[in-house]
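In: Below are the sequence and a predicted model; questions follow.
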Amino acid sequence: MCRGCMSLYQLSKLLYNLNRDVAVKAQFRVDQDGVLAAYRLSDEERRALIESDIGLLYVLGVNGQILMHFAALCGIEWHDYLQQMRDGVKRYGPVRAGIYAMTTAIDEKVAGV
């Protein structure tokens, strides 16, 4: 498995656990570094989590269904969550991995759209 894929898996697993496990969520609120240390994350992923950078997490390839729960945990309203994903693509470039990976230019029309 590629390094980026493994890292995305670890990032997604952490976010899934934050969404589902009350103990992990409680620990994250008081000891982010301790929780993050349990997962093999890149420095960029750690920074995005600590800064609640939804746009960067989206560009890194986090699935929106998992990411929206993290945004809620961070107190980010739905419309702001959606805008932060859009802004992330503008700031950091196309989605790099995962099911939302972009294979065209940001402004390129596809399939007659």
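Out: Looks like it came in fine. Numbers count the residues shown, from 1 in each chain.
In: switch to C-alpha atoms for all contacts and neighbour counts from now on
Out: OK.
In: following whichever helix in the chain runs longest, which helix or strand shows up next?
Out: Scanning the chain for the helix with the most residues, using DSSP state H, yields helix 3-20. Where DSSP states H and E defines the elements, the next helix or strand beyond helix 3-20 is helix 22-30.
In: these two touch, right, residue 28 and residue 37?
Out: No. Residue 28 is not in contact with residue 37 according to CA atoms under 8 Å; the separation is 11.0 Å.
In: Can you pick out the residue with more neighbours from those two?
Out: residue 28 (16 against 10; other CA atoms under 10 Å).
In: Report the contact partners of the closest residue to that one other than its chain neighbours.
Out: Closest residue in space to residue 28, ignoring its immediate chain neighbours: residue 35 at 5.9 Å, by CA to CA, 6 or more residues apart in numbering. Taking CA atoms under 8 Å, 6 or more residues apart in numbering, we find residue 35 in contact with 24, 27, 28.
In: Return the distance of the helix or strand that residue 35 is a member of from the chain's centre.
Out: Using DSSP H and E, residue 35 sits within helix 32-37. Counting by CA atoms, centre = their mean, to the nearest Å, helix 32-37 is centred 16 Å from the centre of its parent chain.
In: what does stretch 16-23 give?
Out: Centroid separation for stretch 16-23 versus its chain: 15 Å, with CA atoms, centre = their mean.
In: which residue is nearest the middle of the chain?
Out: In the chain, the centroid-proximal residue (CA atoms, centre = their mean) is residue 57; its distance is 2.7 Å.
In: shouldn't that residue be in contact with residue 45?
Out: Yes. Contact criterion CA under 8 Å: residue 57 and residue 45 qualify, at 7.2 Å.
In: who does the lowest-mean-pLDDT helix or strand in the chain touch, helix- and strand-wise?
Out: One helix or strand of the chain scores below all others by mean pLDDT, DSSP states H and E: helix 3-20, with a mean of 85. With contacts defined as 3 or more CA pairs under 8 Å, 6 or more residues apart in numbering; DSSP states H and E, helix 3-20 has these neighbours: helix 22-30, helix 64-73.
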